[in-house]
Every structure is written in structure tokens, then in C-alpha cells.
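Visitor: dropping the sequence and predicted coords here.
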Amino acid sequence: MSDVIVIGAGPAGLAGAIACAENGLRVTVLDEFIKPGGRLLGQLHQEPSGEWWNGIKEAERLHQEAIKLAVDIRCGVSVYNLEKEDQLMNVHTNAGTFTARFVLAATGAAEYPIPVPGWTLPGVMSIGAAQVMTNVHRVQVGKKGIIIGANILAFAILNELQLAGINVDRIILPEKSPLSQKAGEPEEVMKSLLYAAHLAPSPLLRFGSRLMKQDWFRKLGMKFYPKNGVKINGTPMQLRKAALEIIGKDQVEGVRVVDIDVNGTIIPGTEKIYEADFVCIAGGLYPLAEIAAVAGCPFQYIPELGGHVPCHSETMETPLEGLFVAGNITGIESGKIAMAQGTIAGLAIAKAAGKGTNQSLQQAVQNVRIVREKAAIQFNPEIDKGRMKMKELWEEQYADCKKAYKIG
């Protein structure tokens with residue numbers, strides 16, 4: 001029997017497994033994909049320093065380091081339930097039940113779907129799927145595409161598609177609706193993108209990003225936003241156009257688009273069809289935290305972290321004794337931050353098992369703050385505010401009574 005079971009072989013899970021194993025704990029890592037690495041496998045971007053972040057190489061480095069420490073990594077294993085029994089955690093999977101004293105849930109994030117009429121046609125995919133097909137499976141998703149949804153994830157993956165020689169014709173918004181919410185409102189989209197100006201080599205976004213964070217200047221900027229959009233590495237981002245329908249008979253053939261005003265309201269008589277053979281829908285990310293929920297871990301809704309997240313401390317423990325969390329399950333951030341959080345969780349587990357030191361754990365907590373400050377990609381601009389909310393919640397409700405917490 002292992003001392004620790006890690007659910008998820010992404011950056012947080014592998015880093016956590018390594019930290020546990022370095023402190024003498026027996027670790028088993030479970031992941032439903034065919035190989036370890038998680039979202040790292042699709043990542044490829046240039047850092048502000050000029051260095052390239054190659055997720056595949058980083059995943060391989062973590063994998064090899066874990067193997068050297070005798071970490072048992074089992075891929076193709078799907079976890080469907082997690083329950084606490086006395087002092088042990090039972091992890092139920094399609095390969096049987098695994099039992100350990102500690103569990104690290106590092107299940108990552110999933111993409112928000114934005115329903116668009118015609119989205120079941122072959123050739124329509126999420127922006128994350130396009131990233132995996134391109135960078136992991138080396139499959140060309142198409143020759144000429146359109147991205148529906150303008151957000152930081154779309155920015156990052158647009159660059160990766162372009163590096164692979166794939167032509168992305170334009171980025172437009174989804175039609176404003178209760179389902180698309182703020183993703184269909186040009187001003188709200190612009191507000192979020194201003195924090196990603198460094199990812200978009202656009203003079204307008206770079207020069208105006210500070211000024212446009214002021215409401216009055218942003219409203220003025222949206223009023224005079226260029227009709228043909230602002231180019232990002234040659235691809236126009238058209239915040240005043242929305243997708244009404246993806247069209248095609250047997251596969252994607254184009255997108256029916258309409259002009260919209262600054263509030264996302266359709267301007268009648270402006271419909272036009274743009275040809276494309278693939279469409280990527282970019283709805284953003286949310287924490288994939290169901291496994292912590294079924295275990296009975298309490299949650300808190302914190303928009304700055306990306307949605308509902310399991311309650312946790314700075315050292316990644318939850319009120320459910322024996323359960324720790326790390327990575328995007330705790331809030332949407334970059335792969336580097338997920339790795340730093342995984343290290344914290346691993347060291348916290350080692351300390352709880354009587355094998356780690358408080359000094360190394362506190363150093364890891366400080367390191368994640370440093371990594372966050374230097375992060376090239378911030379999916380949620382008010383992440384620090386969200387982290388502070390969670391810290392205050394933990395200190396108010398769980399710090400003194402964690403071990404007495406009872407399910408139900």
C-alpha cells in the first residue's frame with residue numbers, strides 16, 4: 001500500500017509526487033491519459049525573458065525525476081470516487097480501489113463550453129483541443145480557422161497554432177446570451193484582455209493597456225475600436241463582431257457573423273459569412289474539482305480563482321484530514337505555479353507524515369508567491385485578491401478545527 005495517492009499526473013501532481021518521494025514516502029500517481037504531463041504536454045510559448053517554455057520537455061523532466069524516486073505512475077486509470085474511511089482514503093478507479101493515508105488531488109482545469117448553433121459539426125473544437133491536437137498529436141486541425149471567444153487562453157494558443165503554420169483567419173466573440181455571459185460583451189472582454197497585453201504584439205493593446213483600465217477611457221476606446229479589429233501576430237481580433245452560427249453540410253464551411261455595438265447588441269443588416277474549415281471555441285477555464293466534492297470537502301465560490309474551489313490553506317491542506325489539493329483545482333494559474341503548489345502540497349504531506357520540516361515547507365510557500373509575481377500568463381488578473389479571500393476563509397473557519405471537521 002502506498003503512503004500517498006496523487007490523482008492527476010500534470011505539473012502539480014508530478015511535482016507533489018516528487019516532493020513526497022524525496023522525503024521517503026511511497027507514492028502512486030493515477031491519471032486517465034495515456035502518458036503523464038497533463039496540460040504541460042500542449043504548452044509551448046515564449047517567456048518575457050525570451051526563453052521558450054516547452055511543456056513536453058518539462059513533462060518529461062518531471063516524469064524522469066519521479067521514476068528515479070520510484071514513484072509508481074499508472075496512466076489510463078480513471079478515478080470516479082474518493083471516500084475517507086477511518087484514517088485512510090479509498091480511491092475508487094476503473095482499475096480497482098487504491099488506499100492510502102494521504103491523497104493529493106491535482107485534477108487541473110476544464111474548459112467552459114459556449115454553445116454556438118452548428119457546434120456539433122466536424123471541425124468544431126475547443127481551443128484546448130486544438131492545442132492538444134497540434135502540440136501533442138501533431139495533427140493539423142485545418143487550413144483556415146476562426147476562434148470564437150477572446151480571452152487569455154485563446155491568445156496563448158493562437159500563438160502556438162501560428163507557430164505550427166496554421167492560419168487563424170480571425171478572432172470574434174460569441175453572440176451575447178445568458179450562456180455566453182460576459183464573453184459576448186466587448187467592453188468586458190477588453191477589460192480582461194488588458195491584463196494580457198504582453199501576450200499580444202499589438203501597439204494599441206500595449207500602449208493603451210494602462211490607460212484603458214480606467215472605465216471612461218475604456219468606454220471611449222471601445223467606441224472607436226477599429227472595425228477590422230486589432231491584429232495579433234497578423235490575426236485580427238474583432239471585438240465588434242459576433243458569431244451567430246457555424247455553418248456547413250458535412251463539416252465546417254464557415255461562420256455567419258454579425259456586427260455588434262459596445263454592449264454586444266446586434267446591429268441589424270450587418271450579417272456576413274466568413275469561410276473556414278475549422279472553428280475553435282474559447283470559453284475559458286474553470287477548476288476541475290468534482291473528485292474533492294464527492295469526498296465531502298467543503299467549497300467556496302471565488303470568481304477571482306475561476307469559480308468554485310475546495311477550501312484549502314496556504315500549505316494546500318483541506319478541512320478533510322488526509323486530503324490535499326494543488327494546481328488549477330485551487331484556482332486557474334500557469335503550469336509553473338501549479339508545479340510550485342504541487343511542491344508545497346508534497347512537503348505538507350511529508351510534514352503531516354512526520355518526515356518533512358516546517359522550514360522547507362515555508363520556503364516552498366514563499367517560492368509560489370515569487371513564481372506568481374513573475375508569471376507570464378495570468379488567467380485571472382485579480383488572482384492575489386482571490387488567494388487572500390481563501391486565506392482569510394481558512395483562518396476564520398478551518399485553521400483551528402480542521403481535524404474535528406466531519407462530513408455532513
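Guide: Looks like it came in fine. Only a predicted model underlies this, so the values are computations on that prediction, with no experimental measurement involved.
Visitor: quick check: mean pLDDT of the host helix or strand of residue 89?
Guide: When elements are defined using DSSP states H and E, residue 89 is found to belong to strand 88-93. Confidence for strand 88-93, expressed as mean pLDDT, is 97.
Visitor: elements contacting it?
Guide: strand 4-7, strand 79-85, strand 96-100, strand 102-105 (3 or more C-beta pairs under 8 Å, 6 or more residues apart in numbering; DSSP states H and E). All C-beta spots, glycine's among them, are computed from the backbone N, C-alpha and C.
Visitor: just how off-centre is stretch 122-132 within its chain?
Guide: 15 Å (C-alpha atoms, centre = their mean, to the nearest Å).
Visitor: hang on, the earlier thing: give me the angle between the strand holding residue 89 and strand 79-85.
Guide: Following axes from the mean of the first three to the mean of the last three C-alpha atoms, to 10 degrees, one obtains 160 degrees for the angle between strand 88-93 and strand 79-85.
Visitor: hmm, back to that, with mean pLDDT and mean neighbour count as added columns, please give the helices and strands packed on strand 88-93 in CSV.
Guide: As requested, those are exported to CSV (pLDDT from 0 to 100; neighbours: other C-beta atoms under 10 Å):
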stretch, mean pLDDT, mean neighbour count
strand 4-7, 98, 30
strand 79-85, 95, 16
strand 96-100, 97, 15
strand 102-105, 98, 30
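Visitor: picking that back up, next, the buried residues of the strand holding residue 89.
Guide: Of all the residues in strand 88-93, those buried under the rule 16 or more other C-beta atoms under 10 Å are 89, 90, 91, 93.
Visitor: what does that strand contact?
Guide: Around strand 88-93, the neighbours that count as contacts under C-beta atoms under 8 Å, 6 or more residues apart in numbering are 5, 7, 30, 77-84, 97-103, 295, 322-323.
Visitor: swap in stretch 287-296?
Guide: Residues outside stretch 287-296 that contact it (C-beta under 8 Å, 6+ apart) are 7, 79, 81-84, 89, 103, 105, 107-110, 299, 305-310, 318, 320, 323, 325, 328-332, 407-408.
Visitor: cutoff 6 Å now
Guide: With C-beta atoms under 6 Å, 6 or more residues apart in numbering as the test, stretch 287-296 has contacts from 79, 81-82, 105, 107-110, 306-307, 309-310, 328-329, 407.
Visitor: from the chain's centre, how far out does the strand holding residue 89 sit?
Guide: The mean C-alpha position of strand 88-93 is separated from the chain mean by 26 Å, C-alpha atoms, centre = their mean.
Visitor: just checking: what are the partner strands of it?
Guide: Next to strand 88-93 in the sheet, as set by DSSP bridges, lie strand 79-85 (antiparallel), strand 96-100 (antiparallel).
Visitor: including distance to residue 393, could these go into TSV?
Guide: Formatted as TSV, the entries for the strands paired with strand 88-93 read as follows, by distance: least, C-beta to C-beta, whole Å:
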stretch	distance to residue 393
strand 79-85	22
strand 96-100	27
